[in-house]
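# coords below, sequence missing:
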């Protein structure tokens, strides 16, 4: 049967109240063809998260309505292995039985710190060394990251090429892990004096979000933060700002190591990426297009985008196009001319010039390298 996760408002309820309501669910679950899996009672955030096997969402809702009347605020379909990737396996959570009246009831937060990390390897780096040596160096980088994840109990959700998504039980662990990785990579060179670097985005939030996907909104913002972070930079969301300030006070972290975004900057960033994701590959898309969409002056928009990304608006659009072009070349989606037009460049020669200026080699050279 499908797996569903829902969220309940537990404001004003005691641990005993929530446990009693959950016990009623267990008593009636067979009647609604549901089977309880996990339940998190997140006291600090006044929320509860249930995981059930059920025929459909309506079965879970009807069960809750009859047993105690606390209708879920939202319910999403999930994969059980996804839940365990993010939240941990019940058997592995040491605190799962603390104050627990029965197996599977977890009196702890279900919020998680999500890290999006990108290993930044210059394309020129790949051209300068042979494939075996590159593979060895990449494995060295990955081992450094894995060691940090292990040290701070990071649970890798996905690892696709150079992009890694990881979940942490606490805000402190996520921030400390990011700084640990950053310290390892800052100034780290191989014997050819080629710099190793990473960019990191960190966010914190609840498993059930408006997107309808498990940790969907939390992941999306973490990815956006990682995307705009420069080499060996850490960008973190406003939701982690308090935790970072407390850590900075306790450990003496350097302020320059991390950029904390305000909620206002986050909202602007989300709107900017929503616009880019829709129009980035249209040749006519430029700063004037953004001015119209945002309803602000060219000077205001220029200042906001430059402050957030380090690029002027038109250069940031070009950066997005070039990064997407790299992906298309790597997946061999068309020849160089086709990729140039597909990524919003008005002619292949200009595309090749921009690509070489950004990455140190022609797109055709990179295509031949990875062929």
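Okay, I see it. Worth saying up front: this structure is predicted, and the values here are computed from it rather than measured. Residues are numbered from 1 along each chain as shown.
# can you map out the helices along the stretch 151-300 of the chain?
Applying DSSP state H, counting those that start in this stretch to the stretch 151-300 of the chain gives helices spanning 171-185, 216-228, 241-251, 263-279, 287-294, 298-309.
# Go through those helices and find the least confident stretch.
For those, the weakest mean pLDDT is recorded on helix 241-251, namely a mean of 86.
# now the angle between helix 263-279 and that one, please.
Computed with axes from the mean of the first three to the mean of the last three CA atoms, to 10 degrees, the direction of helix 241-251 lies at 120 degrees from that of helix 263-279.
# Report how many residues lie close to residue 56.
14 (other CB atoms under 10 Å). From N, CA and C alone the C-beta is placed, and that goes for glycine too.
# so which of the helices of the stretch 151-300 of the chain gets nearest residue 320?
Across the helices of the stretch 151-300 of the chain, the minimum distance to residue 320, taken as CB to CB, is reached by helix 263-279, at 5.8 Å.
# looking at the helices of the stretch 151-300 of the chain, which is closest to residue 59?
helix 216-228 (22.9 Å).
# chain center to the closest one, what's the gap?
Remark: helix 216-228 is offset 4 Å from the chain centroid, using CA atoms, centre = their mean, to the nearest Å.
# Same question for stretch 268-277.
Per CA atoms, centre = their mean, the displacement of stretch 268-277 from the mean C-alpha position of its chain is 15 Å.
# what's the answer for stretch 229-236, then?
Chain-centre distance of stretch 229-236: 13 Å, with CA atoms, centre = their mean.
# Also stretch 210-226?
How far stretch 210-226 lies from its chain's middle: 6 Å, per CA atoms, centre = their mean.
# before we move on, what about stretch 17-34?
Computed by CA atoms, centre = their mean, the chain-centroid distance of stretch 17-34 equals 34 Å.
# Buried residues in it, which are they?
Applying a neighbour-count criterion of 16 or more other CB atoms under 10 Å, one finds 18, 19, 21, 22, 24, 25, 26, 29, 32, 34 buried in stretch 17-34.
# Leaving out sequence neighbours, find the closest residue to residue 110.
Counting by CB to CB, 6 or more residues apart in numbering, the nearest residue to residue 110 once its immediate chain neighbours are dropped is residue 40, at 3.8 Å.
# follow-up on the earlier one: restricted to helices, list the buried residues of stretch 17-34.
Among the buried residues of stretch 17-34, the members found in helices (DSSP state H) are 18, 19, 21, 22, 24, 25, 26.
# Give the full set of residues in contact with residue 164.
The contact partners of residue 164, by CB atoms under 8 Å, 6 or more residues apart in numbering, come to 115, 116, 117, 118, 119, 145, 156, 158.
# Next one: it from residue 200, what distance?
To residue 200, residue 164 is 10 Å away according to CB to CB, to the nearest Å.
# quick one: common contacting residues for those two?
Common neighbours of residue 164 and residue 200 are listed as 115, 116, 117, 118 (criterion: CB under 8 Å, 6+ apart).
# Can you verify the third one is assigned to a strand?
Yes: counting by DSSP: H, G, I helix; E, B strand; the rest coil, residue 117 is located in a strand.
# Having no further points to raise, I will conclude here.
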